[in-house]
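Asker: Here's my sequence, what's the structure:
(chains A and B)
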2 protein chains.
Amino acid sequence: MRQSATAFAPASVANVAVGFDVLGHSFQAIGDRVTARRIPERTVRIASITGTSTDLPKDPEHNTAGMGVLSMLQDLKLDFGIELSIEKGIPLGSGLGGSAASAVAAVVAANALLADPVSKIELLKFAMKGEQVASGSVHVDNIAPSLFGGLVLTVGIDNPNVKQIPVPATVRCVLVHPHMMLSTREARQILNRSIDLSNVIWQSANLAGFLTGCFTGDLQLIRESLEDVVIEPQRKLLIPGFQAVKDGAMSNRALGCSISGAGPTVFAWCEEQDAPRIRDAMVAGFTAHGLQSDAWISTLDRVGAQIVD
Amino acid sequence: MRQSATAFAPASVANVAVGFDVLGHSFQAIGDRVTARRIPERTVRIASITGTSTDLPKDPEHNTAGMGVLSMLQDLKLDFGIELSIEKGIPLGSGLGGSAASAVAAVVAANALLADPVSKIELLKFAMKGEQVASGSVHVDNIAPSLFGGLVLTVGIDNPNVKQIPVPATVRCVLVHPHMMLSTREARQILNRSIDLSNVIWQSANLAGFLTGCFTGDLQLIRESLEDVVIEPQRKLLIPGFQAVKDGAMSNRALGCSISGAGPTVFAWCEEQDAPRIRDAMVAGFTAHGLQSDAWISTLDRVGAQIVD
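Answerer: Next up, the predicted model:
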């Protein structure tokens, strides 16, 4: 029986411009790392939190990783306990699914300690219990891509149905994270509760075109469709320099550019050869508005959370 | 050089529950038939209108078939004229894309008379000019499926992008047309101009799930997703007995059941073996509300308009 296991769970881009609350994709270049160690007491405790943010709650019931594993311990009636060491690689409040990644890495690591490991779809439910601690409500559009990898559609909450969507192999994602914080709660609160029918139709066309472009490998259709006409116009006001960043991406042949999750990180999809130039233009857009930023480029391969040690 | 050609264009189900104004599918079991004959005068004239509705305008500029071919004659600078004989197979005001089918059949028949026939995407634009006469605005969600066949996504108006979506081979469509008329204009006017964000998200999940189910052949996902939570709740009030018809379909294992286009025809998707039972239950639903109806079952093959004579 394994005494200890370390899992890596990637960051994730929720919404992907056209699929508010239903689409998300993993971003392998950064992520959180959690080590789970078997302990005799039937409890969950958090030994350490290191990395990009260290002032997170250590009480398991108020920590996404802790709560995910706690619900696992209770549901599966485990006869041992688990101690977690969390190494954050994803900046807090960046819109990159950091709380989801910690929960996912924790349940994947804990699962490796079981005599009978459970399926990924079971792990999804435990990680959702963890994520709930951070967001106050149940969202799965960061959890599912971080766990399964690649571009993921998740429909249904009680019995989430997860489907991986193919992405053309030459597509890359550029992420630029400006050094500012934005709370998901605030980013949700500013949203209008009703949407014009004409924009609903436009966004539906974009969602349908985007998915069809992905399934058929039609980059031109992805380019015409990867545009958020509903949420981005409202949220971009919270991100200084957003328009300059987006213009920088689009004028360098990006397939699309929008806000990652609730922001402030901005993502762009593009073809491989354009990625470095797009990254530089996006960073310059934030710089022009007085914001330092970090930037990464990643493939959109179907690589989700996995045991690394 | 061919002197005469007859084309058949199938009926079509617009919206398909989850894709308001962007999705539609052909329905091969019924359709309109148009014969185009070369005449020396550079003009378009309508020789006859027969079939399910005969009191349509014979002035080409006020007839969808006539206007479609007239725009073709002008745009392509043809040096001859065309006489049309229209045989309507689709009931007027049924929500089955009758005006679109006439326009499509007309331009397909006329195209067969040309020394250099144009592509289907060119014909789409001419048929749109025709359809505009009937609906007062530009819609392509009946035109495109009638012309191309099968389940079709159309995005963009000025340069419509048409994509055929695969449908699992065992799926059938049941159509039940109650003997009442509903004008598209009225059915559009009753719609709320704004939609609750929560319903927008729900409908997005359904659209994304439906398309993903079609692309991956996942009937269960289609069943969970083929539900209109935005338009149907408003329009069903215009169709007496709608709920009984839908309940009849769903309790007999339909994959989904909603309003075809602007109604009053109701469609259901189902597996082949369930189709006759579902058809009978839907017809009984209308009968219980004092409405006679016609019903048909069709595959969803990619067979669009074609020359038949």
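
Asker: Next secondary structure element downstream of the helix or strand bottoming out on mean pLDDT in chain A?
Answerer: Least confident helix or strand, chain A: helix A:184-189 with a mean of 80, by mean pLDDT, DSSP states H and E. Using DSSP states H and E, the helix or strand that follows helix A:184-189 in sequence is strand A:194-196.

Asker: Contacts only, for the closest residue to residue A:85 other than its chain neighbours.
Answerer: Excluding the flanking residues, the one nearest residue A:85 by C-beta to C-beta, 6 or more residues apart in numbering or on different chains is residue A:35, at 4.4 Å. C-beta here means a position set from N, CA and C on the backbone, and glycine is covered the same way. Going by C-beta atoms under 8 Å, 6 or more residues apart in numbering or on different chains, residue A:35 touches A:4-6, A:84-85, A:87, A:109, A:309.

Asker: Mind pulling up the pLDDT for residue A:35?
Answerer: We note a pLDDT of 98 for residue A:35 in this prediction.

Asker: Is it in a helix, a strand, or coil?
Answerer: Classification of residue A:35 using DSSP: H, G, I helix; E, B strand; the rest coil returns strand.

Asker: Distance check, it against chain B.
Answerer: Residue A:35 is 35 Å from chain B, where distance means C-beta to the nearest C-beta, to the nearest Å.

Asker: Can you tell me who that residue pairs with across the strands?
Answerer: residue A:6, residue A:85 (DSSP bridges).

Asker: what's the answer for the one 10 residues further on, then?
Answerer: Applying DSSP bridges to residue A:45 yields these beta-bridge partners: residue A:83.

Asker: and it, what does it touch?
Answerer: A:39, A:60, A:66, A:81, A:83-84.

Asker: Could I have the buried ones of these as PyMOL selection syntax?
Answerer: Burial among those is assessed by 16 or more other C-beta atoms under 10 Å in any protein chain shown; the matching PyMOL selection reads:
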select buried, chain A and resi 60+66+81+83+84
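
Asker: Identify, from the contacts of residue A:45, the entry nearest to chain B.
Answerer: residue A:66 (29.2 Å; C-beta to the nearest C-beta).

Asker: show me the contacts for the closest one.
Answerer: A:44-46, A:58-60, A:84, A:106, A:130.

Asker: Nearest to chain B, out of the residues you listed: which one, please.
Answerer: Nearest to chain B among those, with distances taken as C-beta to the nearest C-beta, is residue A:130, at 22.4 Å.

Asker: Near the closest one, how many residues? Count them for me, please.
Answerer: 27 (other C-beta atoms under 10 Å in any protein chain shown).

Asker: pLDDT value on it, please?
Answerer: So residue A:130 comes in at 90 (pLDDT).

Asker: Doesn't it belong to a helix?
Answerer: Yes: using three-state DSSP, the secondary structure at residue A:130 is a helix.

Asker: Show me which residues of the stretch 151-300 of chain A sit near chain B.
Answerer: A:153, A:155-156, A:161, A:163, A:165, A:191-197, A:200-201, A:203-209, A:211-212, A:215-216, A:218, A:221, A:224-225, A:230 (C-beta under 8 Å from any C-beta of the partner chain).

Asker: which SS state does residue A:79 fall under?
Answerer: Residue A:79 - assigned by three-state DSSP - is coil.

Asker: List the contacts of the closest residue to it other than its chain neighbours.
Answerer: Using C-beta to C-beta, 6+ apart and skipping the chain neighbours, the partner closest in space to residue A:79 is residue A:42 (6.8 Å). Residues counted as contacts of residue A:42 (C-beta under 8 Å, 6+ apart) are A:73, A:78-81.

Asker: average model confidence for whichever strand or helix holds residue A:200?
Answerer: Element membership for residue A:200 (DSSP H and E) is helix A:197-216. In this model, helix A:197-216 has an average pLDDT of 96.

Asker: and the angle from that helix to helix B:197-216?
Answerer: 30 degrees (axes from the mean of the first three to the mean of the last three C-alpha atoms, to 10 degrees).

Asker: Which positions within the very next helix or strand once past helix A:197-216 qualify as buried?
Answerer: Later in the chain than helix A:197-216, the nearest helix or strand by DSSP H and E is helix A:219-225. Across helix A:219-225, burial judged by 16+ other C-beta under 10 Å covers A:219, A:221-225.

Asker: residues touching residue A:97, list them.
Answerer: A:11-14, A:24, A:90, A:142-143, A:145-146, A:261.

Asker: Low-confidence ranges, chain A, go.
Answerer: The model of chain A has pLDDT under 70 over residues A:136-137.

Asker: Domain-wise, how is it divided?
Answerer: Taking automatic domain parsing as the reference, chain A has its domains at A:4-165, A:171-299.

Asker: Just put those in JSON lines and tack on distance to residue B:277.
Answerer: JSON lines is the format used below for the domains of chain A (distance: least, C-beta to C-beta, whole Å):
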{"stretch": "domain A:4-165", "distance to residue B:277": "27"}
{"stretch": "domain A:171-299", "distance to residue B:277": "31"}
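
Asker: out of those, deepest packed?
Answerer: Compared across the domains of chain A, domain A:4-165 shows the largest average neighbour count, a mean of 22 (mean count of other C-beta atoms under 10 Å in any protein chain shown).

Asker: circling back to that earlier point, tell me which other helices or strands the helix holding residue A:200 touches.
Answerer: strand A:161-165, helix A:219-225, strand B:151-155, strand B:161-165, strand B:194-196, helix B:197-216 (3 or more C-beta pairs under 8 Å, 6 or more residues apart in numbering or on different chains; DSSP states H and E).

Asker: quick check: angle from the fourth one to strand B:151-155?
Answerer: Relative orientation of strand B:161-165 versus strand B:151-155 (the same axes, to 10 degrees): 160 degrees.

Asker: next SSE after strand B:161-165?
Answerer: strand B:171-178.
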